[in-house]
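Undergrad: Sequence and computational prediction follow.
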Amino acid sequence: MQTTVTSQIEFNGVGLHSGVETCLRILPALPGRGIVFRRSDVDAATADIPARWDLVKQSPLCTKLVNEHGVSISTVEHVMAALIGCGVHNATVEVNGPEVPILDGSSAAFVRGILSKGIRQLGAPLKALRLIDTIEVQKGEAWARLMPHDTLLIEFKIEFEDAAIGEQKKLLNMSNGSFVRELSNSRTFCRKADVDAMRANGLALGGTLDNAVVVDGAQVLSPGGLRHRDEAVRHKMLDALGDLALAGAPILGHYQGYRAGHALTNDLLRALFATPQAFEVVECDAEIAARLPGAGVHWGEIPKVA
């Protein structure tokens with residue numbers, strides 16, 4: 001069954017890239033609406049931005065959506081991951097500015113808010129996209145692919161020169177509460193040299209050591225250190241889940257990413273929808289629904305360090 005949140009959930013914070021203070025509200029929605037962002041600071045006639053793969057304006061730093069009127073919303077990936085990871089299929093995400101607040105750099109606060117209010121079934125059938133062939137995209141050494149599987153698997157590998165990150169790889173089955181338990185509190189990360197370069201170019205204006213893991217060689221500069229030894233690859237998997245949620249329906253398939261980012265995952269979705277013979281749309285019976293991200297998730301699964 002399709003779901004929504006039971007009541008309004010509110011969050012306040014700055015945008016990581018813009019440094020602008022915004023308020024975000026997650027509101028209940030009717031079945032079939034999907035996830036729609038709404039800019040409350042612009043004219044109502046142009047304010048809605050559906051969370052859809054074909055509205056992505058690609059950026060190396062975040063996922064940005066732009067509607068037909070040119071109205072945009074940036075850094076949607078963490079709240080999208082929280083919604084799909086908690087099993088929410090329909091919601092209006094209202095923001096009074098150009099960027100979703102970064103909060104602590106993970107999805108943890110969004111997850112806590114959603115689970116504290118609860119999730120409501122809407123009595124309408126839910127459809128999913130099931131892979132029946134492999135789709136792959138590549139850019140330089142980076143690549144991403146989707147392969148057939150009976151549930152959503154996310155597998156990722158990263159390699160960084162900084163010893164604090166190094167080489168990391170992980171595979172997780174996203175069924176049930178796996179996202180909440182394993183990925184939701186993993187924060188965005190960057191190298192100190194990259195932060196300095198971005199700041200010099202007027203980027204990452206809202207970034208601090210409290211909303212990102214910043215590393216410098218073997219050192220972790222953020223207070224408290226890492227939440228997980230492999231927090232970096234876990235965050236890349238979190239981002240991938242949020243970007244895959246822009247397919248507009250749950251995906252049954254095995255995602256693999258190597259050095260992939262937001263743009264490459266969006267390229268993968270574009271390749272998928274350009275190859276309709278590679279997937280089928282299926283109505284979720286009880287067996288399929290039980291394997292989806294967020295099925296049966298509860299408050300007790302939130303990581304203690306979040």
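TA: Now that the structure is in, tell me what you want to look at.
Undergrad: where along the stretch 51-200 of the chain do the helices fall?
TA: Assigned by DSSP state H, counting those that start in this stretch, the stretch 51-200 of the chain shows helices spanning 77-85, 108-117, 178, 192-200.
Undergrad: Toward the C-terminus, what is the element adjacent to the last one?
TA: This points to helix 192-200. Sequence-wise, the next helix or strand downstream of helix 192-200 (DSSP states H and E) is strand 213-216.
Undergrad: chain center to that next one: distance?
TA: From the chain centre to the centre of strand 213-216 is a distance of 21 Å (C-alpha atoms, centre = their mean, to the nearest Å).
Undergrad: Now that strand: buried residues?
TA: Using 16 or more other C-beta atoms under 10 Å as the burial criterion, the residues of strand 213-216 that qualify are 213-215. C-beta coordinates here come from the backbone N, C-alpha and C atoms, glycine included.
Undergrad: Can you name every helix or strand that that strand contacts?
TA: Applying 3 or more C-beta pairs under 8 Å, 6 or more residues apart in numbering; DSSP states H and E, one finds that strand 213-216 contacts strand 189-191, helix 192-200, helix 231-244.
Undergrad: one step back: make TSV from the buried residues of strand 213-216 and add distance to Asp104 and pLDDT to it.
TA: Output for these, formatted as TSV (distance: C-beta to C-beta, whole Å; pLDDT from 0 to 100):
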residue	distance to Asp104	pLDDT
Val213	10	90
Val214	13	90
Val215	17	92
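Undergrad: Can you tell me which of those is nearest Asp285?
TA: Closest approach to Asp285 among those (C-beta to C-beta): Val213, at 40.5 Å.
Undergrad: Find the residue ranges of the stretch 151-300 of the chain scoring beneath the pLDDT cut-off.
TA: 198-207 (pLDDT under 70).
Undergrad: The most centrally placed residue in the chain: what's it in contact with?
TA: Closest to where the C-alpha atoms of the chain average out (C-alpha atoms, centre = their mean) is Gly242, at 2.0 Å. Residues near Gly242 by C-beta atoms under 8 Å, 6 or more residues apart in numbering: 63, 76-82, 84, 107.
Undergrad: which ones are touching the closest residue in space to Val281 that isn't next to it in sequence?
TA: Spatially, and ignoring its direct neighbours in sequence, Val281 is nearest to Lys127 (5.4 Å; C-beta to C-beta, 6 or more residues apart in numbering). By C-beta under 8 Å, 6+ apart, Lys127 lies in contact with 249, 281-284.
Undergrad: Tabulate those residues in CSV, adding columns for distance to Ala274 and secondary structure.
TA: Converted to CSV, the contacts of Lys127 look like this (distance: C-beta to C-beta, whole Å; DSSP: H, G, I helix; E, B strand; the rest coil):
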residue, distance to Ala274, secondary structure
Ala249, 17, coil
Val281, 16, strand
Val282, 20, strand
Glu283, 24, strand
Cys284, 24, coil
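Undergrad: Separate out the buried members of those.
TA: By 16+ other C-beta under 10 Å, these give 249, 284 as buried.
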